[in-house]
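Asker: My questions are about this predicted structure, shown below with the sequence.
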Amino acid sequence: MTATYRLSQPVDFAIVGSGAAGGVLARELSLAGFSVVVFEQGPRLTLGSFEHDELKHWFNAGMTNDPVKNPQTFRDDRSKRGERNLIRPSLTYARTVGGSSVHYTANYWRFHEVDFDECSRLGPISGTGFSDWPITYAELEPYYTKVEWDIGVSGLAGASPFDPPRSKPYPMPPLPVKSSGVLLERGARQLGLHPFPAPLAINSQPYRGRPACIHCGFCHGFGCEVGAKASSLTTMIPEAEATGRCEVRSESYVVQVATDKRGRATGVRYFDRDKRERFQKAKAVILSANGAETPRLLLTSANSMFPQGLANSSGLVGKYLMFNFTMRTHAVFEHELNEFKSVQCSRVVHDFYDSDPQRGFYGGGGIDSRIGPQPIIWADRIGEDEGLWGSAYKARLAEFPRSMQAASHGTSLPVETNSVELDPELKDAWGMPAMRVTYKDHPDDLATMRFLQARAAEIMEAAGAVKVTNAAVKPQTSSLHLLGTCRMGNDPAKSVIDRYHRSHDIPNLFLCDGSSLVTSGRGQPTLTIQALAFRAAEHIANFARRGEI
Amino acid sequence: MSCNEQQRVRASAARNDGYSRRTFLRVVGALGGAWLTLDLAKVAAAAQAAQRAQEGPGQPGTVFLSQAELADVDAITAQIIPSDSTPGAREAGVALFIDRALATFFGRMAPDFRSQLAAFRLRCQSQHPNASSFAALTNQQQVNFLKLVEGTPFFARLRLLTLVGMFAMPKYGGNRDGIGWKLLGFQDQHIFQPPFGYYDRDYPGFAFEVVERP
């Protein structure tokens, strides 16, 4: 029973964004008895509309931000003018109810203890904002468990000797291993490493009313047609609506958080689906719009009291953008793997997770076995390795069923100049300033890519690959992982939100999504984003009950 | 429906090699509410549209390119994915796909494409003043000329459009008869079952020792 609220009646919480974090906050706060309106830029899609349509989803913004209507500019240096990309924006996110949890790969690694206190262990890194988090892994552990059980994660507890402590096993066994997983496992064991079954937010068996995976092979960049992949669209949002206290307004694009003379948030101004301006009053506002849109909204909300944008007394809103990275090692084997079937990953190696000063640079990460992308992008990328066209290229296309990818994922250092800000010229289809992205990988990030890629190639060789090719390491110009742009911290001069996700400057404005992260982790941030959202929801509910908002 | 019944339905579906979208609809339909709210009407409409695109009459004339431009684009795509012992971009209908795409869903790329194609044709003409067009060059001349321009934004764009036309769903007009997917060995199905490939066929199960953390 979906609630419907009047614009003039202040709701307890206006939540901007219905994705991984927004879905959790909506469900938890409405379950706790509060009135909630969730605003989502994009439409509400049905599972039946989720086709295996690579053209639509990878080249025509099927459910992602549209490079024409939602344009961005990108530059790798602050001295340059931002360039616009008409095929795909630099920062991509799903613009639909459920957000990027609808089209993600659903890799659900927990962060390890070091991800929270690595600066104390290793010391600061000059030229970066490398810092400890104000919270520890132990504080977040119960919420990791809550995500795994409430949303549904398949995996094998205890299988990785590098995993941090956990209070409960996974609720479902791992998905069936794929040929790529068997080969990664074989190669890694040959080298004395410790491969383990990939934890995935995809049902290996029916769970909480959703069916098991049918192995169709279209997770990465696509919506799951049967709902076996957990998304906010199929998990948290329906549960929030079922409370009778949560209204989800799709195609409602929030462009401003308003504040009053006391410097408190009063509600949100948004465009409805007919591009009419509306204003929803709210007692508190939570931004879970993702690591790109949350800082942008704070900046477009600038007013005479907050001329630098909201929550920006530190000047750090939009700064310290981090991506993680994914580097390809392409391997061809003698027999068919048929990686186009089933989920992306079935085995992971975390032996190189921790940073090791002896390597001479900061960084670490994981290596997993993957399909890689669907046919069009696969065909594009293998051209980069050995020649773009012609008969030899065509012969390599036919290696598709015998190919796999060992993908390396790892750290991004927080660099202040890597940022999301407002483009001084370009506007979107609603007349709002477009995003300008500035990003250049730290040299240690590039070194980490090369290091992990070399390890991945060794694993593929040890597994008996007939051909192994490492993709060229190049500075990243785009990402789906949008992290760190409103970082959490105890010091209001060096962070945007406090340890409870409350903005340092505005007591009834909370930010919770990828922007909250202080360090990047080693890839696969969604589980951590959702654990943070469960934790934030608990504290925010307590503040509200005690009249402390 | 019990889990066992679901598995049986899925297993019997997976045995059917020519597994179609229609079969998928029947199976999902049989599974009822447990499979959540699949929007069957929309799925069926999409499947029918794809079917019509494949069965439809011969391709109409061009809508964005001139016939001479189409001939050059076709020749370039046929160099990118040539026709040899197996069909290539030409048989997959990639050039006409590109023509339609630039007039419709890839319209945002059209202005750049037109000016870049004009520059390509001019450059070709200055290299080969006696040839009427790129398409009229010999195979070796085409290869040599493309090697000169393979680093240009135009070639990168046209190459990407070729791959899209080769491997996108046939309903968009390229990948005719699934030629692109057959070249790759890709199967577009909704349900697969393990074992998926050669190496996971006799997998004994994941063996590990639980390591007690200090």
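Answerer: Ah, there it is.

Asker: Ends of stretch A:384-394, what's the gap?
Answerer: 13 Å (CA to CA, to the nearest Å).

Asker: scratch that, stretch B:102-116
Answerer: Per CA to CA, the first residue of stretch B:102-116 is 13 Å away from its last.

Asker: same deal with stretch A:46-59?
Answerer: Where stretch A:46-59 begins and where it ends lie 21 Å apart, using CA to CA.

Asker: Stretch A:487-507 now?
Answerer: OK, stretch A:487-507 end separation, CA to CA: 16 Å.

Asker: Return the set of buried residues in it.
Answerer: Under the neighbour-count criterion of 16 or more other CB atoms under 10 Å in any protein chain shown, stretch A:487-507 has A:487-489, A:492, A:495-507 buried. C-beta coordinates here come from the backbone N, C-alpha and C atoms, glycine included.

Asker: Distance from the chain centre to that stretch, please.
Answerer: Computed by CA atoms, centre = their mean, to the nearest Å, the separation of stretch A:487-507 from the middle of its chain amounts to 21 Å.

Asker: do the same with stretch A:239-247
Answerer: Per CA atoms, centre = their mean, the centroid offset for stretch A:239-247 relative to its chain is 25 Å.

Asker: Please enumerate residues in contact with it?
Answerer: A:1-5, A:23, A:26-27, A:30-31, A:33-38, A:248 (CB atoms under 8 Å, 6 or more residues apart in numbering or on different chains).

Asker: Keeping just the C-alphas, turn it into CSV.
Answerer: C-alpha atoms of stretch A:239-247 as CSV (Å, rounded to 0.1, in the frame of the first residue of the first chain):
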residue,chain,number,x,y,z
GLU,A,239,9.3,-3.4,1.3
ALA,A,240,9.4,0.3,2.0
GLU,A,241,6.1,0.8,0.1
ALA,A,242,4.5,-2.1,1.9
THR,A,243,4.8,-0.2,5.2
GLY,A,244,2.2,2.3,3.9
ARG,A,245,4.4,5.1,4.9
CYS,A,246,6.7,5.4,1.8
GLU,A,247,5.9,7.1,-1.5
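
Asker: And the residue minimising distance to the centre of chain B, what's its pLDDT?
Answerer: Residue closest to the mean C-alpha point of chain B, counted by CA atoms, centre = their mean, is B:F167 at 1.4 Å. Looking at B:F167, its pLDDT stands at 98.

Asker: same deal with B:V210?
Answerer: In this model, B:V210 carries a pLDDT of 71.

Asker: and the closest residue to it other than its chain neighbours, how many neighbours?
Answerer: Once flanking residues are discounted, B:V210 sits nearest to A:G158: 4.2 Å by CB to CB, 6 or more residues apart in numbering or on different chains. Around A:G158 there are 16 other residues, counting by other CB atoms under 10 Å in any protein chain shown.

Asker: Same check on A:P424?
Answerer: Neighbours around A:P424, by other CB under 10 Å: 11.

Asker: Pull the contacting residues for it.
Answerer: Taking CB under 8 Å, 6+ apart, one finds A:P433, A:R436 in contact with A:P424.

Asker: List phi and psi for it.
Answerer: phi -70, psi -20 (degrees, to the nearest 10).

Asker: do you know how far the residue nearest to the centre of chain B is from B:P87?
Answerer: 13 Å (CB to CB, to the nearest Å).

Asker: again, but for A:R186
Answerer: Counting by CB to CB - A:R186 and B:P87 are separated by 36 Å.

Asker: Same check on A:M435?
Answerer: For A:M435 relative to B:P87 (CB to CB), the value is 43 Å.

Asker: One more: A:D423?
Answerer: A:D423 is 45 Å from B:P87, by CB to CB.

Asker: Show the contacting residues for the nearest residue to A:T526 once chain neighbours are set aside.
Answerer: Leaving aside its chain neighbours, A:T526 sits nearest to A:A20 (5.1 Å; criterion: CB to CB, 6+ apart). By CB under 8 Å, 6+ apart, the contact set of A:A20 is A:G99, A:S100, A:S101, A:S232, A:D513, A:T526, A:I529, A:Q530, A:A533.

Asker: Could you check how far the worst-scoring helix or strand of chain A on mean pLDDT is from the centre of its chain?
Answerer: One helix or strand of chain A scores below all others by mean pLDDT, DSSP states H and E: helix A:375-386, with a mean of 91. Distance of helix A:375-386 from its chain centroid, counting by CA atoms, centre = their mean, is 24 Å.

Asker: of the contacts of A:A20, closest to chain B?
Answerer: A:S232 (14.7 Å; CB to the nearest CB).

Asker: tell me which element the residue nearest to that closest one when sequence neighbours are not counted falls in.
Answerer: Nearest residue to A:S232, sequence neighbours excluded (CB to CB, 6+ apart): A:G23, at 2.8 Å. For A:G23, the host element (DSSP states H and E) is helix A:20-31.

Asker: Could you identify the helix or strand that succeeds that helix?
Answerer: strand A:36-39.

Asker: I'd like to check what contacts that next one. Which residues are they?
Answerer: Under CB under 8 Å, 6+ apart, the answer for strand A:36-39 is A:3, A:5, A:11-18, A:22-23, A:26, A:29-30, A:237, A:240, A:245-249, A:252-254, A:268, A:270, A:280, A:282.

Asker: Of all the residues in chain A, which one is nearest chain B?
Answerer: For chain A, CB to the nearest CB, closest residue to chain B: A:G48, 2.5 Å.

Asker: where does the chain have low pLDDT?
Answerer: Picked chain A for this. Counting by pLDDT under 70, chain A has no low-confidence residues at all.

Asker: oops, I was thinking of chain B
Answerer: For chain B, the ranges with pLDDT under 70 are B:1-60, B:211-214.

Asker: Scan it for its longest helix.
Answerer: In chain B, assigned by DSSP state H, the helix with the most residues is helix B:110-127.

Asker: Which elements pack onto that one?
Answerer: Secondary-structure packing of helix B:110-127 (3 or more CB pairs under 8 Å, 6 or more residues apart in numbering or on different chains; DSSP states H and E): helix B:67-80, helix B:94-103, helix B:139-149, helix B:153-167.

Asker: can you put the ones you listed in CSV and add distance to A:G291?
Answerer: Converted to CSV, those look like this (distance: least, CB to CB, whole Å):
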stretch, distance to A:G291
helix B:67-80, 37
helix B:94-103, 32
helix B:139-149, 39
helix B:153-167, 28
